[in-house]
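Asker: Turn this into a model:
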Amino acid sequence: MIASLAAPDIPSAGQFVTVLRLDLLAKLALAVLLGGAVGLERELSGKPAGLRTNILICVGSAMLMDLSVRIGISETGVRIGDPARLAAQVISGIGFLGAGTILQARGTVVGLTTAATIWVVAAIGLTIGAGSFIEAAGATLLVASVLYGLGRVEKRLLQTRRVIGGTLRVLPRTPFDELEQIFNSAGIQVLQKTVYEHSDDRTYELKLMGPARQYDIISAALMRRSDVLSAQFD
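Answerer: Purely as a prediction, here's the structure:
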């Protein structure tokens with residue numbers, strides 16, 4: 001009598017997904033794709049938080065959100081924890097990272113768009129980790145449209161000429177001729193000038209007209225001079 005051999009148990013597709021965490025792999029791959037879509041625009045714009053940075057933020061957020069959802073479930077399938085706690089810590093941590101990208105250089109603040117991009121990429125990663133793929137893809141499409149499309153509109157708006165007021169504080173007896181050359185080199189015209197003499201400084205109240213984007217550049221150029229105490233433009 002020949003003993004019958006039992007057929008080996010073949011794992012089902014569901015078991016493969018559970019053991020190998022193919023669902024997590026799909027989430028991370030989508031995070032690379034969507035985070036890279038946003039990071040590509042930052043990379044092409046020459047920003048410090050470019051392609052790799054945004055991909056890593058999105059992947060990390062997706063992985064931590066997936067862990068946050070699973071870590072509070074017992075072996076019996078009963079939830080015993082709050083899945084929002086770990087996600088909340090991700091948001092707080094991204095806030096510190098975004099703050100590090102905002103620089104203030106002699107009165108000029110730069111990096112706000114980069115910080116906002118980092119924050120929204122982390123939100124996209126959290127959405128992927130929670131399993132809301134359609135919402136994450138829609139948010140990525142919207143963010144990419146804002147960065148790619150509105151960037152050109154913003155540049156055109158910054159090139160428009162506008163009239164603003166300015167206050168320039170300099171050391172006593174500082175002539176305005178050299179300062180006016182800085183304005184003229186940036187395409188800004190001094191329409192009106194009023195001088196106020198004080199014991200410790202000389203103040204120029206100005207009315208200026210020129211491209212909007214040039215005022216931040218002028219502010220930085222003026223503050224590099226040792227005889228300029230402050231420069232403010234409304």
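Asker: Give the rounded mean pLDDT of the helix or strand hosting residue 87.
Answerer: Secondary structure assignment for residue 87, by DSSP states H and E: helix 84-101. Per-residue pLDDT over helix 84-101 has a mean of 82.
Asker: in it, what counts as buried?
Answerer: 86, 87, 90, 94, 98, 101 (16 or more other Cβ atoms under 10 Å). C-beta coordinates here come from the backbone N, C-alpha and C atoms, glycine included.
Asker: Kindly reformat the residues you listed as JSON lines and extend each row with distance to residue 121.
Answerer: JSON lines is the format used below for these (distance: Cβ to Cβ, whole Å):
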{"residue": "86", "distance to residue 121": "18"}
{"residue": "87", "distance to residue 121": "14"}
{"residue": "90", "distance to residue 121": "11"}
{"residue": "94", "distance to residue 121": "9"}
{"residue": "98", "distance to residue 121": "10"}
{"residue": "101", "distance to residue 121": "12"}
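Asker: Can you tell me how far the nearest residue to residue 164 once chain neighbours are set aside is from residue 150?
Answerer: The shortest distance from residue 164 to any non-neighbouring residue, by Cβ to Cβ, 6 or more residues apart in numbering, is to residue 234 (5.1 Å). Applying Cβ to Cβ, to the nearest Å, one obtains 24 Å for the distance of residue 234 from residue 150.
Asker: higher neighbour count, the two?
Answerer: residue 150 (11 against 8; other Cβ atoms under 10 Å).
Asker: Checking my notes, residue 162 in a strand, right?
Answerer: Yes - counting by DSSP: H, G, I helix; E, B strand; the rest coil, residue 162 falls inside a strand.
Asker: what sits against it?
Answerer: Contact analysis of residue 162 by Cβ atoms under 8 Å, 6 or more residues apart in numbering lists 209, 210, 212.
Asker: What is the longest helix along the chain packed up against?
Answerer: Longest helix in the chain, counting residues (DSSP state H): helix 133-159. Judged by 3 or more Cβ pairs under 8 Å, 6 or more residues apart in numbering; DSSP states H and E, helix 133-159 is in contact with helix 22-44, helix 112-129.
Asker: Against residue 81, how distant is residue 65?
Answerer: 14 Å.
Asker: neighbour count winner among those two?
Answerer: Neighbour count, other Cβ under 10 Å: between residue 65 and residue 81, residue 65 has more, with 26 against 14.
Asker: Pretty sure that one sits against residue 129.
Answerer: Yes - counting by Cβ atoms under 8 Å, residue 129 is a contact partner of residue 65 at 2.5 Å.
Asker: got any residues that touch both of these two?
Answerer: Jointly contacting residue 65 and residue 129 under the rule Cβ under 8 Å, 6+ apart is no residue at all.
Asker: Apart from its chain neighbours, what residue comes closest to residue 186?
Answerer: Leaving aside its sequence neighbours, residue 186 sits nearest to residue 214 (Cβ to Cβ, 6+ apart; 4.5 Å).
Asker: ok, now residue 94?
Answerer: Nearest non-adjacent residue to residue 94, counting by Cβ to Cβ, 6+ apart: residue 122, 4.2 Å away.
Asker: Can you get me a residue count around the one you found?
Answerer: Residue 122 has 27 neighbours, counted by other Cβ under 10 Å.
Asker: show me where pLDDT drops low in the chain?
Answerer: 1-20, 74, 77, 103-110, 155, 157-161 (pLDDT under 70).
Asker: Hmm, the residue nearest to residue 94 is touching residue 61, no?
Answerer: Yes - using Cβ under 8 Å, residue 122 is in contact with residue 61, at 4.6 Å.
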